[in-house]
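Enquirer: Sequence isn't available, so here's the structure alone:
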DNA sequence: GCCAACGTTGGC
DNA sequence: GCCAACGTTGGC
């Protein structure tokens, strides 16, 4: 079992959006960064994922989802209508992946970034490091537990 | 292979 | 809206 965190802008895919989706499951697509993509590809079935809300009024971790389908080619990369279209990606050689995430839990409050920064267990985590723009990152069990408590 | 220019992310 | 930090692109 691995643990992860993914960032989302809540107006695009918030924890509530996942909870209200058909079968409470959403395709997690649009990742266009190689490091983040590689982490997506490393996700295994039933891995747990913190849902982090960014670029909004309440920045922080909002809840938990789990991986119900492991990585497959992100269809938006082939769709010229999509904002995530990538003309350099070919169907027989996709560059980008998606996973499917299913709702697990919404926290009673969003755990603010400020609070996460003050948690000594997270000092070495990419999330709290200045200038880090990584949108998919691994969490160790210790880091996960430190947040979940 | 270097690196300047550019575009994007994301907190504030 | 600002701007620092970062990743990508493309000329050379």
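Expert: That came through fine. All values derive from a computational prediction rather than experimental measurement. Numbering: from 1, shown residues only, chains lettered A, B, ... in the order given.

Enquirer: What backbone torsions are found at the residue of chain A found nearest DNA strand C?
Expert: Residue nearest to DNA strand C within chain A (C-beta to the nearest atom of the strand): residue A:131, separated by 2.1 Å. Heads up, the C-betas are built off the backbone N, CA and C, glycines and all. Torsion angles at residue A:131 (phi, psi; degrees, to the nearest 10) stand at phi 80, psi 0.

Enquirer: what's the answer for residue A:9, then?
Expert: phi -90, psi 120.

Enquirer: That one and residue A:143, how far apart?
Expert: Noted for residue A:9: a distance of 23 Å to residue A:143, by C-beta to C-beta, to the nearest Å.

Enquirer: Give me the more crowded residue out of the two.
Expert: residue A:143 (22 against 11; other C-beta atoms under 10 Å).

Enquirer: and the more buried one, that one's in a helix?
Expert: Yes. Using DSSP: H, G, I helix; E, B strand; the rest coil, the assignment for residue A:143 is a helix.

Enquirer: tell me the contacts of it?
Expert: Contacts for residue A:143 were tallied using C-beta atoms under 8 Å, 6 or more residues apart in numbering; they are A:3, A:121, A:122, A:125.
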